[in-house]
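*Asks:* next one to model:
(one chain, ligands or ions: 2)
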Amino acid sequence: MLNKEIWMQRAFDLALLGSGRVAPNPLVGCLIVKNDRLIGEGYHQQYGGPHAEVNAIRNASESVTGATAFVTLEPCSHFGKTPPCADLLIESGIKEVYVANLDPNPLVAGKGIAKLEAAGITCHVGLLREKGEWINRHFFTFHRLKRPYITFKYACSADGFIALAGGKPTQISSELSAIRVHQMRAEHQGILVGVTTIINDNPTLSTRLVPGKNPIRIVLDPQGRIPADAKVLTDGGETMVLKSASEILQLGIQSILVEGGAQTMERLFAKGLVDEIWKIRSPKTLQEGISEPKLAVKWRAIDYLGDDTWFKGILKPGPASTYSSPE
Ligand code: AOF
Ligand code: ZN
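*Replies:* Numbers count the residues shown, from 1 in each chain. Ligands and ions are numbered 1, 2, ... in the order given. Next comes the predicted model:
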């Protein structure tokens with residue numbers, strides 16, 4: 001691998017440290033390199049906070065004049081919660097910039113690169129582009145396609161059941177898987193379930209096992225069956241109750257994690273409303289119960305957590321699914 005790819009890879013590793021804290025902003029990391037030496041690094045740590053470039057330049061151990069910046073996303077050109085990073089790079093005397101992806105946010109969208117080039121900075125776009133496409137798939141889908149990125153996740157027993165008969169809840173997956181699930185929740189802006197899941201489990205759908213933001217709860221409830229004392233309505237967190245699945249496209253939410261139940265997933269799948277699917281399979285058996293959703297995908301084992309196997313559903317690329325995992 002060439003040096004510049006190693007630097008960009010490091011910028012991505014840093015960007016990922018913001019997972020669960022920066023949405024609806026993208027994950028961004030930045031490195032400052034001078035004479036082939038790393039002299040500064042930083043990342044976007046939380047929503048509303050300084051951008052990656054600001055942190056990298058602030059942390060630099062020596063003057064950044066004449067240095068090269070590796071930024072995972074096109075530096076911004078607008079005054080948002082923070083001033084434009086393109087201006088900061090120009091004022092700091094950076095002479096060359098490598099970027100993985102252009103920023104599709106209409107406030108930036110190429111204007112950051114144009115500003116840098118107009119100031120005489122050499123720009124290279126596309127270094128480890130695929131990696132960035134995957135890491136910021138929520139942000140990119142939302143800005144390019146004007147709809148949320150939708151992820152399904154369910155846990156099932158070795159014999160293919162997701163709950164006991166009558167919907168009685170039971171813990172199927174391991175504690176380690178539960179931590180990973182809470183991390184996934186923190187990485188999504190919304191979490192969606194059908195009203196039957198609320199009636200059977202009365203879940204809070206929070207991220208209590210990890211530090212990070214709680215997603216907005218979204219309940220699909222066409223017939224108005226949600227109980228008034230459901231925890232999602234009484235615990236003080238944010239909840240939206242929707243009559244129709246199609247409404248989720250217009251909520252202005254970047255990403256939605258769908259956690260159940262089987263019918264809700266089958267309905268959304270039939271409408272093409274899914275980009276990514278995870279199945280957590282436990283070695284436990286239940287003998288009988290509610291069967292896992294019937295989703296026409298092939299499964300690939302990706303990870304092992306506790307006694308569980310995490311499978312990823314392989315979706316055909318198409319209008320409903322814009323990215324495929326690099327795994
Ligand atoms: C960058 N570096 O680290 C990030 C960028 O409201 P603000 O000021 O935080 O701006 C948010 C927008 O800035 C966000 O939607 C995206 O377009 C860009 N994010 N840009 O140069 C960063 N996080
Ligand atoms: Zn910025």
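*Asks:* so residue 60 touches residue 30, yeah?
*Replies:* No - if you go by CB atoms under 8 Å, residue 60 and residue 30 don't touch, sitting 10.6 Å apart. To be clear about C-beta, it is placed using only N, CA and C from the backbone, and glycine gets the same treatment.
*Asks:* of those two, who's got more company?
*Replies:* residue 30 (29 against 18; other CB atoms under 10 Å).
*Asks:* those residues of the protein touching ligand 2, which are they?
*Replies:* Neighbours of ligand 2 within the chain, by CB under 5 Å from the ion: 51, 76, 85.
*Asks:* now the residue in the stretch 151-300 of the chain positioned nearest to ligand 2. Nearest residue, chain neighbours left out?
*Replies:* At 17.8 Å from ligand 2, residue 254 is the closest residue in the stretch 151-300 of the chain, using CB to the ion. Among residues not flanking residue 254 along the chain, residue 142 sits closest, at 4.1 Å (CB to CB, 6 or more residues apart in numbering).
*Asks:* any idea which helix or strand carries that neighbour?
*Replies:* Counting by DSSP states H and E, the element that carries residue 142 is helix 137-145.
*Asks:* and what of residue 264?
*Replies:* Going by DSSP H and E, residue 264 is part of helix 262-270.
*Asks:* for the helix or strand following that helix, packing partners?
*Replies:* Counting by DSSP H and E, the next helix or strand C-terminal to helix 262-270 is strand 276-281. In terms of contacts (3 or more CB pairs under 8 Å, 6 or more residues apart in numbering; DSSP states H and E), strand 276-281 is packed against strand 149-156, helix 175-187, strand 308-314.
*Asks:* pick the most deeply packed of those.
*Replies:* strand 149-156 (a mean of 24; mean count of other CB atoms under 10 Å).
*Asks:* now could you export just the CA positions of that one as CSV?
*Replies:* Extracted as CSV, the C-alpha positions of strand 149-156 are listed here (Å, rounded to 0.1, in the frame of the first residue of the first chain):
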residue,chain,number,x,y,z
TYR,A,149,-31.0,4.6,5.1
ILE,A,150,-32.9,1.6,6.5
THR,A,151,-31.3,-1.2,8.5
PHE,A,152,-33.1,-4.4,9.7
LYS,A,153,-31.8,-6.3,12.7
TYR,A,154,-33.3,-9.4,14.4
ALA,A,155,-32.2,-12.2,16.6
CYS,A,156,-33.4,-15.8,16.2
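*Asks:* so what secondary structure elements neighbour that strand?
*Replies:* Against strand 149-156 (3+ CB pairs under 8 Å, 6+ apart) you get helix 137-145, strand 161-163, helix 175-187, strand 255-260, helix 262-270, strand 276-281.
*Asks:* and these, which is most packed in?
*Replies:* Of all the helices and strands packed on strand 149-156, as judged by average neighbours under mean count of other CB under 10 Å, the leader is strand 255-260 with a mean of 26.
*Asks:* quick one: mean pLDDT over it.
*Replies:* Averaged across strand 255-260, the pLDDT comes to 94.
*Asks:* and the pLDDT at residue 107?
*Replies:* 88.
*Asks:* can you get me a residue count around it?
*Replies:* 14.
*Asks:* burial count for the spatially closest residue to it that is not a sequence neighbour?
*Replies:* Counting by CB to CB, 6+ apart, residue 107 lies nearest to residue 78, which is 4.2 Å off, once chain neighbours are set aside. Neighbour count of residue 78, defined by other CB under 10 Å: 17.
*Asks:* residue 156 contacts residue 281, doesn't it?
*Replies:* Yes - taking CB under 8 Å as the definition, residue 156 is a contact partner of residue 281 at 5.8 Å.
*Asks:* now for residue 87: which residues touch it?
*Replies:* residue 115 (CB atoms under 8 Å, 6 or more residues apart in numbering).
*Asks:* are we agreed that it is in a helix?
*Replies:* Yes - Residue 87 sits within a helix when classified using DSSP: H, G, I helix; E, B strand; the rest coil.
*Asks:* which residue packs closest to residue 225, ignoring adjacent ones?
*Replies:* Closest to residue 225 by CB to CB, 6+ apart is residue 195, at 5.0 Å.
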